[in-house]
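Chemist: Structure for the following, please:
(one chain, ligands or ions: 1)
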Amino acid sequence: MHTGTATSKSGVIARYREYLPVTDSTPIISLGEGSTPLVFCPRLSEHVGRAVFVKNEGANPTGSFKDRGMTVAVSKAMERNAKALICASTGNTSASAAAYAARAGITCAVVLPAGKIAMGKLLQAFACGAKIIALEGNFDDALRIVRELGEQRDLAIVNSINPDRIAGQKTAAFEVVDDLGDAPDFHLLPVGNAGNISAYWAGYREYHARGKSAKLPAMIGFQAAGAAPIFYNRIVEKPETVASAIRIGNPASWKQACSAIAESDGAIDLVTDEEILAAQTWLAQHEGIFVEPASAAPVAGLFKCRDSEETAYSIQKVPEESKIVCTVTGHGLKDPDIITAQMKELKSVPATLNDVRRAVGL
Ligand code: F0G
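Modeler: Got it, this is the predicted structure:
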């Protein structure tokens, strides 16, 4: 069997090998992840008065940023002869782990909060043949149990507590710098378990240290109002938000996220479910980028920064030539329930030119 990468030059390990913990003896498990579009958004820029780019991570093979870390974590797990992969997840990690496990030919078990996973993500894990464990508990309970299981058995944990995941995810920051020619001034992203904000900051710092960028961005994280432990500086026992991907009350990378925010002169803030859903619709209808609710959090945050003097970062106060990047982390098709509920039942029209012309109404 040919075991090379999806194509010879695709995938984050092929592109950024010298920055990643792989050697000649690491079998590379890749689905051609990374190299996602950094999209300049004219309407969003006009709306906030600064140049805004969206890093569209929904364009990864399983539709979320998790694939960047998963290619490294699964490659390293195979190098170490792991017997199986295991993860806790709010959905996307499980979808990614299931796909990369299938590619590697290894068993994968995913521990998920019962009844709390968006349908598209659950489908992905099922389709790729993962063993799905529906836990009577939340994500924080799932991660606690996975940690304990991983210690007892020969299982590779592929959550972001695995440093190989973070190493892979930092490549998104490299790509932003490669595309813009320098780091942006502000980087906004959603925060759940807080691995991604930590990974981006590690990536920006590493590229800066290697002379690839002249500046470093301020990292600005957004949590959902009902699941904002870092913002409130206390564990949230029963996190609640419509953005199920970031429904997390005790983030594993809490400390690292706080360091990223402090070192970068950044901030942590929160956005309400209403703001998240409004931003999701706005981005789809004004820029053509359809993302899942959690991914709309930084866009909601950007609007909040623009509109308020009091929020962590008032966009009005930053220099006009500032560049802002928002990472949108997952594809909208993964979590369609809320949008589906907004769709009115479609009335069919007879198959005649006149009926269609009337229905188009233009
Ligand atoms: N956006 C999406 C779409 C996510 O799936 C996640 C995390 C985040 C943002 C937050 O990233 O955890 O690094 O701060 N999803 C994890 C999962 C928890 O299990 O799929 P983070």
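Chemist: what comes up buried for the strand or helix carrying Val177?
Modeler: Using DSSP states H and E, Val177 maps to helix 171-180. Across helix 171-180, burial judged by 16 or more other C-beta atoms under 10 Å covers 171-179. To be clear about C-beta, it is placed using only N, CA and C from the backbone, and glycine gets the same treatment.
Chemist: Pull up the residues of the protein that are close to the ligand.
Modeler: Where the chain comes near the ligand, counting by C-beta under 6 Å from any ligand atom, the residues are 64, 66, 89-93, 160, 190-196, 245-246, 292, 294-295, 329-330.
Chemist: May I see the buried residues of the helix or strand hosting Leu123?
Modeler: For Leu123, the host element (DSSP H and E) is helix 119-127. Neighbour counts using 16+ other C-beta under 10 Å place 120-122, 124-125 of helix 119-127 among the buried residues.
Chemist: Could you point out the helix or strand that follows the lowest-mean-pLDDT helix or strand in the chain?
Modeler: Least confident helix or strand of the chain, by mean pLDDT, DSSP states H and E, is helix 337-342 with a mean of 88. Sequence order places helix 353-360 as the next helix or strand after helix 337-342, per DSSP H and E.
Chemist: Give me the contacts around that following helix.
Modeler: Val349 (C-beta atoms under 8 Å, 6 or more residues apart in numbering).
Chemist: From the chain's centroid, how far away is that helix?
Modeler: From the chain centre to the centre of helix 353-360 is a distance of 42 Å (C-alpha atoms, centre = their mean, to the nearest Å).
Chemist: Quick one: mean pLDDT for it?
Modeler: Helix 353-360 carries an average pLDDT of 96.
Chemist: in the one helix or strand Gly301 maps to, what counts as buried?
Modeler: Using DSSP H and E, Gly301 maps to helix 293-307. Judged by neighbour count using 16+ other C-beta under 10 Å, the buried positions of helix 293-307 are 293-306.
Chemist: doesn't Ile220 fall inside a strand?
Modeler: Yes: counting by DSSP: H, G, I helix; E, B strand; the rest coil, Ile220 is part of a strand.
Chemist: Tell me where the model's unsure across this structure.
Modeler: By pLDDT under 70, the weakly predicted segments of the chain are 1-9, 311-312.
Chemist: hey, where'd the strands end up in it?
Modeler: For the chain, the strands defined by DSSP state E occupy 38-40, 51-56, 84-88, 107-113, 131-135, 155-157, 186-190, 218-224, 267-271, 323-328.
Chemist: Just give me how far the first one sits from the chain centre.
Modeler: It stands for strand 38-40. 16 Å.
Chemist: next one: the last one
Modeler: Counting by C-alpha atoms, centre = their mean, strand 323-328 is centred 13 Å from the centre of its parent chain.
Chemist: Check the third one too.
Modeler: The offset between the C-alpha centroid of strand 84-88 and the centroid of the whole chain comes to 19 Å, using C-alpha atoms, centre = their mean.
Chemist: Flag every buried residue along it.
Modeler: 85-88.
Chemist: what angle separates it from strand 131-135?
Modeler: Using axes from the mean of the first three to the mean of the last three C-alpha atoms, to 10 degrees, the direction of strand 84-88 lies 30 degrees away from that of strand 131-135.
Chemist: Now do strand 84-88 and strand 107-113, the angle between them.
Modeler: Angle of strand 84-88 versus strand 107-113, following the same axes, to 10 degrees, is 10 degrees.
Chemist: Could I have the CA atoms of strand 84-88 written out in CSV?
Modeler: Extracted in CSV, the C-alpha atoms of strand 84-88 (Å, rounded to 0.1, in the frame of the first residue of the first chain):
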residue,chain,number,x,y,z
ALA,A,84,-5.9,3.1,19.5
LEU,A,85,-6.8,6.8,19.5
ILE,A,86,-9.1,8.3,22.1
CYS,A,87,-10.5,11.8,22.6
ALA,A,88,-13.2,13.8,24.4
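Chemist: Next up, the contacts around Asp207.
Modeler: For the record, residue 207 is Tyr, not Asp. By C-beta under 8 Å, 6+ apart, the contact set of Tyr207 is 173-174, 177, 183, 213.
Chemist: Hmm, I typed the wrong one, I wanted Arg147.
Modeler: By C-beta under 8 Å, 6+ apart, the contact set of Arg147 is 157, 161.
Chemist: Can you list the neighbours in contact with the least confident helix or strand of the chain?
Modeler: 118-119, 242, 277, 280, 293, 332.
Chemist: Show me the two of these that sit farthest apart.
Modeler: The most widely separated members of those, counting by C-beta to C-beta, are Met119 and Leu277 (17.2 Å).
Chemist: before we move on, back to that, of the residues of the chain next to the ligand, grab the buried ones for PyMOL.
Modeler: Here the buried members of those are turned into a PyMOL selection, burial being counted by 16+ other C-beta under 10 Å:
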select buried, resi 64+66+89+90+91+92+93+160+190+191+192+193+194+195+196+245+246+292+294+295+329+330
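Chemist: Keep only those of the residues of the chain next to the ligand that are in helices.
Modeler: Those of the residues of the chain next to the ligand mapping onto helices are 66, 92-93, 195-196, 294-295, per DSSP state H.
Chemist: What is the nearest of these to Ala225?
Modeler: Lowest distance from Ala225 to these (C-beta to C-beta) belongs to Ala294, with 13.0 Å.
Chemist: surely that closest one meets Gly330?
Modeler: Yes: between Ala294 and Gly330 there is a contact at 6.5 Å, judged by C-beta atoms under 8 Å.
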